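1. please work out how this folds:
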Amino acid sequence: MPRSRGEPFTTIRSEGALLPPDFLRQIAEGRDKIPGLTPEAYHLAGTERLNEAASRSWNRLLGVWAAFQAATRDLPATDPGIGITREKWLLPLFQELGYGRLLPTASCG
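-> Numbering: from 1, shown residues only. A predicted model of the protein is given here:
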């Protein structure tokens, strides 16, 4: 499918209004004044750039995911892996998302 004239994206097709093409264009151009997309909005230190922080988090979570996959590879089919999923994947994920160390609660039901 040929892209529209003036559209800088070859792998993204925007449908609806959630991420309109003009907003994606502003992000791609690196505009500094998009509300909610500033380093300050993410409580980053002084000159730290948003893309650097995102890359750092992504790389950490790739390692966490690989460790989780390795830890669950040999689980028996009858083991749902609840504890290992919580400890090796969910808690590190939520920590990286800024929720800190979450405490488990009693299960419902």
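2. show me where the protein has helices.
-> Using DSSP state H, the helices found in the chain span residues 21-28, 50-72, 82-85, 91-96.
3. going by contacts, tell me the helices and strands next to the longest one.
-> Judged by 3 or more C-beta pairs under 8 Å, 6 or more residues apart in numbering; DSSP states H and E, the packing partners of helix 50-72 are helix 82-85, helix 91-96. Using the backbone N, CA and C atoms, a C-beta is placed for each residue, glycine as well.
4. can you check the third one too?
-> Where contact means 3+ C-beta pairs under 8 Å, 6+ apart, helix 82-85 is packed against helix 50-72.
5. pick the most buried one from the helices and strands packed on helix 50-72.
-> Of all the helices and strands packed on helix 50-72, helix 91-96 has the most neighbours on average by mean count of other C-beta atoms under 10 Å, namely a mean of 16.
6. using PDB, list the CA coordinates for that one.
-> Written as PDB, here are the backbone C-alpha positions of helix 91-96 (Å, rounded to 0.1, in the frame of the first residue of the first chain):
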ATOM      1  CA  LEU A  91       7.200  -7.600  40.300                       C
ATOM      2  CA  PRO A  92      10.100  -6.400  38.200                       C
ATOM      3  CA  LEU A  93       7.700  -5.200  35.600                       C
ATOM      4  CA  PHE A  94       5.600  -3.200  38.000                       C
ATOM      5  CA  GLN A  95       8.800  -1.900  39.700                       C
ATOM      6  CA  GLU A  96      10.000  -0.600  36.300                       C
END
